[in-house]
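In: have a look; sequence and predicted model below, questions after that.
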Amino acid sequence: MVDNPHFFDPMDEHEDDDFAVNPSEQQTIGDILAQRMGRRSILKGMTFGAALAAGSTMTSQAALALSGPKSSMTFKELPLGYDENHHVAEGYDSQVLLRWGDAVEQGAPAFDPDNQTTQAQLKQFGYNCDFVGYLPLPHGSQNSEHGLLCINHEYTNRHLMFNGIGKNAQDKQSKDQIDIEMAAHGHTIVEIKKTDGQWAVVEGSDYARRINTLETEMELTGPVAGHDRVKTSADPEGKTVIGTINNCAGGVTPWGTVLIAEENFHGYFGGDPAKTPEGANYKRYGMKGKPYYGWHRFHDRFDVEKEPNEPNRFGWMVEIDPYNPQAKPKKRTSLGRFKHEGANALINKDRHVVVYTGDDQRFEYLYKFVSKNKYNYANQDANKDILDEGTLYVAQFRADGNLFWLPLVQGRAPLTAENGFNSQADVLLETRKAADLMGATPMDRPEDVEPNPVTGSVFMMLTNNTKRKSDQTDASNPRAENKHGHILEMTPPGGRGEEADHTSDVFKWNIFLLAGNPANKADGAMYGEGTSKDGWLSCPDNVAFDNKGRVWIATDGAPKSGIADGLWAADATGPARAQTRHFFAAPLGAELCGPCFTPDDSTLFVAIQHPGDTKESTFANPSTRWPDFKAGMPPRPSVVAITKKRGGAIG
């Protein structure tokens, strides 16, 4: 998810994430867009709405409309800007609900950033919050004032966590600091309740839970469980993994669990992967023996030369039951192993479960999982492992507007023993290789992928691809080094909403918008007619939908263009389709993650990740002390609750 040189991410200090590791020669999405729309049409100012999405009108180049179709959004648009604080549209309140170091489990001490300990962090809110999921209490209700909040902790910024530790000082950290980092990774579950318009964490809740990388046991399930390639000295059966890493986005399932992603797992392992039997496998995932963390210095399982199979135990989607604190998290291997951004599940009209997920790296792929078994509404226990059996598909986009889903099934050519796939477990362990051979379409960093509950179409955030060369430019994506990204909409057959057939092998696709500044001709940006000077965005990352099916877009990378990362909203259909409006701005150095609504849309939760993470920022001298703004207190990743001042639905 992280891709912004204005802040520090340990991944930015290395080239793995910037280098495309996909050797496939399949057409890129840019090639396909060029075929689908002629250069002459674009240069004449033809709108994408006319060509790709019926009913959509889009502005191009510098032609920002000063007037246009009226959006269904009634909030006063927030001006673009970038400073040390966060900002929300006029008429809305924003409450910082949870901060790094706040108490989660019983017995957690008060946060003391100068004297942080592992045992304290294991009971406190973790670092760099990302995915946010709200689950009502009681289970199965639509309660929008009492529920569970589930939050991912993607990674850590050592230079903002520890005084005197530099950005690249992983080899100088003490074991205590390493263990604190591991404790700050993972996931948090808290019980929250709204009283007199204010949200608060319920202290002493039986639901409160910190899932971490240091101690939490997780179960490998599905075809990979017990396979020789996931067995280690500590786990000779290959079924129990300690912890989860780089938990980026995720999703709430219709049956009341959360799916959390393991994204950039490749950056956590020391040792030379080429010296292991898994060398080719690990190379395809970007492992070069240059870890971003020093964990391998004190924990042998993060040294591939000592535990060559350990990386195969990461890169999965993890399912957690927040309503049952005793339930062990499960890594659902049927959903494939790659750098998951997130996963969003739905129950199809034929009762099969469908899950969408993207592989967040340049020139990687979009995936869909369809369960073997049908969802049982009468017996919920029958659904608890429904994600362990099914078919994983990868997307191939065609220039004629069709999207084909290609099954990744062992035994079907070319996924055979001759190509190294002796079982379905091998296909899932090396999902990228399997997708390469099947001819999937390389994309510009597929991040969040989510179905629109009203229309039934599926939106995919493509954050950017700065490695697109000038000789790869084309009429429909005329930007070399695509730094702004775009959004695709994919439509299954069968009708709107619940009538859509997400199990179909063939969808239609169109472009929802091309991000960037329309005032800058070189950006080649396209939005809905009527988008204002404050409505443009850059680097779409996460997405959420409200009850009206309107799209809410979070960004990661907008500061490259001089504006804050934040949240934009737009109609997904009608005359104001793709007319984006600016709603929320994150503070200096931060990205916005995890937009999530309560069932009645009265509260919108967002996560502020890596605040203050600019180039010269340190623990002692950060670029912002958000959200506390107290001397000696470093910036703290936090969750913010947004409500309307006089009540009612957001937007």
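Out: Right, received. Where do you want to start? Being a predicted model, the structure only gives us computed values, none of them experimental.
In: for residue 595, which non-adjacent residue is closest in space?
Out: Nearest residue to residue 595 in three dimensions, chain neighbours excluded: residue 544, at 4.1 Å (Cβ to Cβ, 6 or more residues apart in numbering). The way it works is simple: take the backbone N, C-alpha and C, and place the C-beta from them, glycine included.
In: just residue 226 next, same as before
Out: Computed as Cβ to Cβ, 6+ apart, the closest residue to residue 226 that is not its neighbour in sequence is residue 238, at 4.9 Å.
In: I'd assumed residue 596 was in contact with the residue nearest to residue 595.
Out: Yes: shown here, residue 544 and residue 596 form a contact pair, counting by Cβ atoms under 8 Å, at 6.2 Å.
In: where along the stretch 351-500 of the chain do the strands fall?
Out: For the stretch 351-500 of the chain, strands defined by DSSP state E, counting those that start in this stretch occupy the ranges 352-358, 362-364, 366-374, 390-397, 402-407, 443-444, 446-451, 458-462, 486-491.
In: what's the closest of these to residue 115?
Out: Distances from residue 115 to each of the strands of the stretch 351-500 of the chain were compared using Cβ to Cβ; the shortest belongs to strand 446-451, at 36.9 Å.
In: ok, and for that closest one, which residues are buried?
Out: 446-451 (16 or more other Cβ atoms under 10 Å).
In: downstream of the longest helix along the chain, the next helix or strand is which one?
Out: When every helix of the chain is counted residue by residue (DSSP state H), the longest turns out to be helix 175-184. Scanning forward in sequence from helix 175-184 by DSSP states H and E, the next helix or strand is strand 186-195.
In: show me what the very next helix or strand once past that following strand is packed against.
Out: For strand 186-195, the following helix or strand on the C-terminal side (DSSP H and E) is strand 198-201. For strand 198-201, the contact count by 3 or more Cβ pairs under 8 Å, 6 or more residues apart in numbering; DSSP states H and E identifies strand 92-99, strand 186-195 as packing neighbours.
In: ok, 6 Å please
Out: strand 186-195 (3 or more Cβ pairs under 6 Å, 6 or more residues apart in numbering; DSSP states H and E).
In: strand partners (parallel or antiparallel) of the strand it packs on?
Out: Here the strand partners of strand 186-195, with direction, are listed using DSSP bridges: strand 146-153 (antiparallel), strand 198-201 (antiparallel), strand 209-211 (antiparallel).
In: using CSV, write out every CA atom in that strand.
Out: Provided in CSV are the C-alpha atoms of strand 186-195 (Å, rounded to 0.1, in the frame of the first residue of the first chain):
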residue,chain,number,x,y,z
GLY,A,186,-1.1,-7.5,13.6
HIS,A,187,-4.6,-6.7,14.6
THR,A,188,-6.7,-5.0,17.3
ILE,A,189,-10.3,-5.8,18.3
VAL,A,190,-12.1,-3.4,20.7
GLU,A,191,-15.7,-3.0,21.8
ILE,A,192,-17.0,0.5,21.2
LYS,A,193,-20.2,2.3,22.2
LYS,A,194,-21.7,5.7,21.2
THR,A,195,-23.2,7.7,24.0
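In: for that strand, buried residues please.
Out: Buried residues in strand 186-195, defined by neighbour count with 16+ other Cβ under 10 Å: 186-192, 194.
In: residue 84: which of those residues is nearest?
Out: Set against residue 84, the nearest of the buried residues of strand 186-195 by Cβ to Cβ is residue 188 (25.3 Å).
In: okay, now residue 383: neighbour count?
Out: Neighbour count of residue 383, defined by other Cβ atoms under 10 Å: 20.
In: wait, what's in contact with it?
Out: When the contact criterion is Cβ atoms under 6 Å, 6 or more residues apart in numbering, the partners of residue 383 are 255, 375-376.
In: dump the residues you listed to JSON lines, plus distance to residue 628.
Out: JSON lines is the format used below for those (distance: Cβ to Cβ, whole Å):
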{"residue": "255", "distance to residue 628": "38"}
{"residue": "375", "distance to residue 628": "45"}
{"residue": "376", "distance to residue 628": "48"}
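In: what's the PyMOL syntax to select whichever of these are buried?
Out: What follows is the PyMOL syntax selecting those of the contacts of residue 383 that are buried according to 16+ other Cβ under 10 Å:
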select buried, resi 255+375
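In: nearest to residue 387 among the contacts of residue 383?
Out: Checking the contacts of residue 383 against residue 387 by Cβ to Cβ gives residue 255 as the nearest, at 10.1 Å.
In: look at the closest one and report its pLDDT.
Out: Looking at residue 255, its pLDDT stands at 96.
In: shouldn't it be within a helix?
Out: No: assessed with DSSP: H, G, I helix; E, B strand; the rest coil, residue 255 is coil; it does not lie in a helix.
In: that one: what's it in contact with?
Out: With contacts taken as Cβ under 6 Å, 6+ apart, residue 255 has the following neighbours: residue 383.
In: if we use 10 Å, what do you get?
Out: Neighbour list for residue 255: 139-140, 319, 321, 345, 347, 353, 375-377, 380, 383-384, 386 [criterion: Cβ atoms under 10 Å, 6 or more residues apart in numbering].
In: quick check: which element contains the residue nearest to residue 226?
Out: Going by DSSP H and E, residue 238 is not in any helix or strand.
In: and the gap between it and residue 526?
Out: Shown here: residue 238 relative to residue 526, a distance of 49 Å by Cβ to Cβ, to the nearest Å.
In: what's the answer for residue 580, then?
Out: When Cβ to Cβ is applied, the distance between residue 580 and residue 526 equals 11 Å.
In: now do the shared contacts for these two.
Out: Here residue 580 and residue 526 share the contacting residues 512-513, 515, scored by Cβ under 10 Å, 6+ apart.
In: so residue 232 touches residue 303, yeah?
Out: No: the pair formed by residue 232 and residue 303 falls short of the contact definition of Cβ atoms under 10 Å, at 11.5 Å.
In: which residues are common contacts for those two?
Out: By the contact definition Cβ under 10 Å, 6+ apart, residue 232 and residue 303 are jointly contacted by residue 310.
In: how many other residues sit next to residue 98?
Out: 27.
In: any idea what it is bridged to?
Out: The partner residues for residue 98, given DSSP bridges, come to residue 639.
In: so it touches residue 191, yeah?
Out: No: at 11.8 Å, residue 98 and residue 191 do not qualify as touching, with contact defined as Cβ under 10 Å.
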